[in-house]
Structure formats: C-alpha cells, structure tokens
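**Student:** Here's a sequence, model it:
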Amino acid sequence: MESLVIRTANVDDVQSLVDFNCALAAETEGKELDRVIVSRGVARAFEQGNEATYFVAELESRVIGSLMLTREWSDWRDGWLMWLQSVYVIPEHRGLGVFRRMLDHATETISLDPDVVGLRLYVENDNHRAQSVYLRNGFTDPRYKVLERPLRR
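**Tutor:** From the prediction side, this is the model:
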C-alpha cells in the first residue's frame, strides 16, 4: 500500500464515484439506485463549492475507494460539523488500511479550518462491520437517532 495516493476527487472521478455509490447502496441496504440520478447528484456536488468534497484513494492509477464530506452549521458549537458520507472501498482492498488513510487525509484537511468543530457520520443500523470500523477509528455514539422526511423522490 506504499503506492496508495489519497487526493481530492475531481470531475474525472465522477464515474468511479457513481459506481461506488451504487455498489454501496446494493451492499449495505439491498437498494438499486437510479444511476442517472446518482450521476447527476455526484456531478452537482462538484458545483457546490465547499458544501461537498470527495476524496479518493488511488492505487496504480486506479481509484479503489472514496468518501465524501458535507458540512452542517452548528449554532450550539459555533462551527461546522463535517459529515462523512458515501464511504466505499472496493472489496478486494478492504481491511488493508485504505479507509483509514482516506479518513486521516480528510481529517487533516478539515482540521486546517478553525471553524470545523467535529466530524460525524451515519451508518445503516445493521451494518455492524462498518460500525466496528468507525468505532476503531475514533468515532463514538453521540446517542442521536437520525430521522428523515423525504420531500421529493
């Protein structure tokens, strides 16, 4: 893994990010996402300024993992909470430290901003493997339950 490169994603990575998001939904929730919508959503993320940032792990010029950070203002903390989302590492590279390297890089990047006060994520209730990985990487359970009210399909 010495040749693993972690970098900020760019529009050339859209197809890999779409593939990873679709694979993530299938693996963790048994959902088949509409690739047209996901493609549009990933592409639009690059137009959002610093509202959404993707990072990718690249090995020998092949993208093998990704994660996205989005931000939420916290008036309670007077700063930005960054949300870790769309985390995916292709199966043959799992357990080799790819996620940890991406997380470390993303954390170092956001730590440069003094207004960033925390990093959060949500994980599917039954995805115990992912929960275990996150707990080993310093995340704790803040005792919140995420609820959702969809406004559009």
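**Student:** Can you give me every residue that contacts Phe99?
**Tutor:** Contact analysis of Phe99 by CB atoms under 8 Å, 6 or more residues apart in numbering lists 65, 67, 87, 89, 133, 137. All C-beta spots, glycine's among them, are computed from the backbone N, C-alpha and C.
**Student:** Now flag whichever of those residues is closest to Leu121.
**Tutor:** Leu121 lies nearest to Val87 out of these, by CB to CB, at 7.7 Å.
**Student:** ok so that closest one is a helix residue?
**Tutor:** No. Counting by DSSP: H, G, I helix; E, B strand; the rest coil, Val87 is not found in a helix; it is strand.
**Student:** Tell me which stretches of the chain form helices.
**Tutor:** 14-29, 35-45, 98-111, 128-136 (DSSP state H).
**Student:** Tabulate those (CSV), appending mean pLDDT and distance to Lys145.
**Tutor:** Listed next are these as CSV, based on pLDDT from 0 to 100; distance: least, CB to CB, whole Å:
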stretch, mean pLDDT, distance to Lys145
helix 14-29, 97, 17
helix 35-45, 97, 25
helix 98-111, 97, 24
helix 128-136, 93, 14
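**Student:** To Arg152, which of these lies closest?
**Tutor:** Nearest to Arg152, of these and by CB to CB, is helix 35-45 at 10.6 Å.
**Student:** What is that closest one packed up against?
**Tutor:** With contacts taken as 3 or more CB pairs under 8 Å, 6 or more residues apart in numbering; DSSP states H and E, helix 35-45 sits against helix 14-29, strand 52-59.
**Student:** What strands line up against the last one, and which way round?
**Tutor:** Pairing partners of strand 52-59, with direction, according to DSSP bridges: strand 4-8 (antiparallel), strand 62-74 (antiparallel).
**Student:** picking that back up, most tightly surrounded among the helices and strands packed on helix 35-45?
**Tutor:** By mean neighbour count, with neighbours taken as mean count of other CB atoms under 10 Å, strand 52-59 ranks first of those at a mean of 20.
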